[in-house]
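Asks: How does the following fold in three dimensions:
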Amino acid sequence: MTKLGFLLDSDGCIGCHACTVACKSEHDVPLGVNRTWLKYTETGEFPNTSRHFTVLRCNHCEDAPCVKICPTSALNRADNGVVDFNNDRCIGCKGCMNACPYDAIYINPETDTANKCNFCNHRIEVGLEPACVVVCPTHSIKVIDFDDADNAALKIIGRDDVAVRSPEQNTNPKVYYRGANQAALDPLRSHIPGDGLIWADTTPNHPTPPHVDAGVIARTTYTTGSHPLIWKEKVSGYLVTKAIAAGVMFVAALLVLLGHSGEQAAVGVVPPIVAGVFLALTGVLLVVDLKQPTRFHYLLTSGNRSSWLVKGAYILGAFAGFMALWWIAGLADAGGLLKVFAIPTALLAAGTAGYTAYLFAQCEGRDLWQSELLLPMLLAQAATAGGATFLILDLFMDLPEVAAIRWVTLAGIGAMALILFAELSGSHTRHVEMAVHAMTKGEYKSRFWTGVVLGMVVPVAVLVIVLASDMSNPVLAAFAGLAAIVGMWFYEDSYVRSGQSVPLS
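Replies: Numbers count the residues shown, from 1 in each chain. Okay, here's the model as predicted:
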């Protein structure tokens, strides 16, 4: 089969929107979403101005992040190289939307599944051209056949200067632009004027570089609204409940290694119950956040093993299994078995806490989430959440090694603070700069600073007082634990949202 791509000739485009209309008609695309769309940008100052037209769509990347992250292979590569989709396999996890660096995927409001440009593959299979190619009045949209040396579009690529969108993402996109203004291809080099677009006021769904003009060389005067935030409070909650489940079992394993395997209630029975409740809540949050929640079992029955959504499901399942074994051993008062389970349970707890770093790394459209510091941050959060939960449990039962648990919590918070400082003070790409600005000074600053003050400053101050005075009363330490957990959610919510705040198209 031939390998296909698009050549979009911006020099010839007249901005007529015929391609957008033809695409909507061919695929019955609902109002409010688009598979292909047109963007107008303007450069210069009156009276010396220029308007540029740019067609945007799926780039059918050779190394497609959406295909890698899709947990059920609903997004897949056809034999002709086109990235296609299957509505019947999609669970609506929305991971592909954050993985795509081009903002090309949307959730169809009628099917609750991920859709995008699929090169009109149903037409290609019967020898026809895509609908947008057929209707373009200036032949500015051309099909590239990479296996045909005589293909006219391929020859243009070989002899003329062409560009692709976001080459730094290394996805090897198969949509090429001739004559396109770079500001039209890079959403961080244009902004929407304060008085809005040419036919509409500015709306919240039109993000624009928020605080510095460096690099901004054009005005966006017509475009579609960006997709709304797709991972919000449920994903933020999942990060916290998962950290609690993992952290509680990590601390329980630590207590076993410190010689307390004989503490039936405090070590053998209660920790796996508490961790199990929060792990179950993690699963509920993940399933409820799906657009097709009744298909959640596809993760296991039709799983794409390159996706960390699937790998994460396996890790969570194995962790749940060891928690069940731990609980049974605790009920049987079998301290010897707990010693056997301690190391593998601690490793699975670390995997449960940390696998999200690899999942977020597959979200290649969100540069803030690509940090190498995310894994240690998640592990530090698990230690904090586990210690904090035990400090709260200390109100209701006698715990061994209370001082050690307080130190674990304090160390976890300290590690989080150091990692956060290193992240914020490091050098960043413009994409990350914008996300950090949104998190610390922009739309999500109240969440972020609430998370820092309530989740780090307050519990550190309280725990230092408790440890320095060797306080035996558990109330103040429990308050510090509760503050740490609540603050962690505010921080995570600011992090999840700000990572998605940077415009991609």
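Asks: can you tell me which helix or strand Leu56 belongs to?
Replies: According to DSSP states H and E, Leu56 maps onto strand 48-57.
Asks: which helices and strands does that strand pack with?
Replies: Secondary-structure packing of strand 48-57 (3 or more CB pairs under 8 Å, 6 or more residues apart in numbering; DSSP states H and E): strand 4-9, strand 36-45, helix 182-185. In short, each C-beta sits where N, CA and C put it, glycine included.
Asks: biggest helix in the chain, by residue count?
Replies: Looking across the chain with DSSP state H, the single longest helix is helix 335-361.
Asks: buried sites along stretch 366-378?
Replies: Judged by neighbour count (16 or more other CB atoms under 10 Å), stretch 366-378 contains these buried residues: Arg366, Asp367, Leu368, Trp369, Gln370, Ser371, Leu374, Leu375, Pro376, Met377, Leu378.
Asks: Show only the entries of those found in helices.
Replies: Judged by DSSP H, these include Leu374, Leu375, Pro376, Met377, Leu378 as members of helices.
Asks: right, and the first one touches Cys363 too?
Replies: I take that to be Leu374. No: contact criterion CB atoms under 8 Å: Leu374 and Cys363 do not qualify, at 11.0 Å.
Asks: List of residues touching stretch 18-29?
Replies: Contacts of stretch 18-29 with the rest of the structure, by CB atoms under 8 Å, 6 or more residues apart in numbering, involve 34-38, 55, 115, 117, 120, 123, 131-132, 134-137, 141.
Asks: If we use 7 Å, what do you get?
Replies: Contacts to stretch 18-29, defined as CB atoms under 7 Å, 6 or more residues apart in numbering, come from residues 34-38, 55, 120, 131-132, 135-137, 141.
Asks: now swap in stretch 228-242 and tell me
Replies: Applying CB under 7 Å, 6+ apart, the contact partners of stretch 228-242 are 94, 97-98, 205, 278, 281-282, 285-286, 288-289, 352-353, 356, 385, 485, 488-489, 492-493, 496-497, 500.
Asks: try stretch 458-468
Replies: With CB under 7 Å, 6+ apart as the test, stretch 458-468 has contacts from Arg406, Thr409, Leu410, Ile413, Leu476, Ala477, Phe479, Ala480, Ala483, Ala484.
Asks: try 6 Å
Replies: The contact list for stretch 458-468, computed with CB atoms under 6 Å, 6 or more residues apart in numbering, reads Arg406, Leu410, Ile413, Leu476, Ala477, Ala480, Ala483, Ala484.
Asks: So Asn34, which state does it fall into?
Replies: Here Asn34 is recorded as coil under DSSP: H, G, I helix; E, B strand; the rest coil.
Asks: can you count the residues close to it?
Replies: Asn34: 21 surrounding residues under other CB atoms under 10 Å.
Asks: how close does it sit to Arg57?
Replies: Asn34 sits 8 Å away from Arg57, taking CB to CB, to the nearest Å as the criterion.
Asks: any idea how far the helix or strand hosting Val284 is from the chain center?
Replies: Following DSSP H and E, one finds Val284 within helix 270-288. Relative to its parent chain, helix 270-288 has a centroid offset of 21 Å by CA atoms, centre = their mean, to the nearest Å.
Asks: Tell me the buried residues in it?
Replies: Of all the residues in helix 270-288, those buried under the rule 16+ other CB under 10 Å are 270-272, 274-276, 278-279, 281-283, 285-287.
Asks: which residues are contacting stretch 101-112?
Replies: Stretch 101-112 is contacted by residues 30, 33, 57-59, 87, 92, 96-97, 114-116, 165-166, 169, 291-292, 364-365, 504-505 when judged by CB under 6 Å, 6+ apart.
Asks: May I see the ChimeraX selection of the buried members of these?
Replies: In ChimeraX, this line selects whichever of those come out buried by 16+ other CB under 10 Å:
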select :33,57,58,59,92,96,97,114,115,116,165,166,169,291,292,364,365,504,505
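Asks: I'd like the helices and strands packed on strand 48-57 written out as a markdown table, with distance to Val21, mean neighbour count and mean pLDDT added.
Replies: Below are the helices and strands packed on strand 48-57 laid out as a markdown table (distance: least, CB to CB, whole Å; neighbours: other CB atoms under 10 Å; pLDDT from 0 to 100):
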| stretch | distance to Val21 | mean neighbour count | mean pLDDT |
| --- | --- | --- | --- |
| strand 4-9 | 17 | 23 | 95 |
| strand 36-45 | 10 | 19 | 92 |
| helix 182-185 | 21 | 22 | 89 |
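Asks: Is it possible to get TSV of those that adds distance to Ile315?
Replies: TSV is the format used below for the helices and strands packed on strand 48-57 (distance: least, CB to CB, whole Å):
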stretch	distance to Ile315
strand 4-9	37
strand 36-45	38
helix 182-185	38
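Asks: Nearest to Pro193, out of these?
Replies: strand 36-45 (9.2 Å; CB to CB).
Asks: Direction-wise, compare the closest one with strand 4-9 and give the angle.
Replies: Between strand 36-45 and strand 4-9, the angle comes out at 30 degrees (axes from the mean of the first three to the mean of the last three CA atoms, to 10 degrees).
Asks: Can you list the strands that strand 36-45 pairs with?
Replies: Strand 36-45 sits in its sheet next to strand 48-57 (antiparallel), strand 218-222 (antiparallel), going by DSSP bridges.
Asks: centre of the chain versus stretch 91-99, how much separation?
Replies: Taking mean C-alpha positions (CA atoms, centre = their mean), stretch 91-99 and its chain are 8 Å apart.
Asks: Please list the residues outside that stretch that contact it.
Replies: So stretch 91-99 is contacted by 65-66, 69-70, 72, 75, 105, 112-114, 230, 290-292, 295, 298, 309, 362-366 (CB under 6 Å, 6+ apart).
Asks: what about Leu128, neighbour count?
Replies: If you count neighbours by other CB under 10 Å, Leu128 ends up with 12.
Asks: State the helix or strand in which it lies.
Replies: Assigned by DSSP H and E, Leu128 belongs to no helix or strand.
Asks: And the contacts of stretch 18-29, which is closest to Ile156?
Replies: Closest to Ile156 out of the contacts of stretch 18-29 is Ile141 (12.5 Å), distances taken as CB to CB.
Asks: hmm, which helix or strand of the protein has the shakiest average pLDDT?
Replies: strand 190-191 (a mean of 84; mean pLDDT, DSSP states H and E).
Asks: Note down every partner strand of that one and its orientation.
Replies: Sheet pairing of strand 190-191 (DSSP bridges) gives strand 218-222 (parallel).
Asks: the helices in the stretch 1-150 of the chain, which residues?
Replies: Using DSSP state H, counting those that start in this stretch, the helices of the stretch 1-150 of the chain run over residues 18-27, 65-69, 95-99, 121-124, 131-135.
Asks: Now these in TSV, please, with extra columns for mean pLDDT and distance to Arg178.
Replies: Shown next, in TSV, are the helices of the stretch 1-150 of the chain (pLDDT from 0 to 100; distance: least, CB to CB, whole Å):
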stretch	mean pLDDT	distance to Arg178
helix 18-27	96	16
helix 65-69	97	25
helix 95-99	97	27
helix 121-124	94	22
helix 131-135	97	15
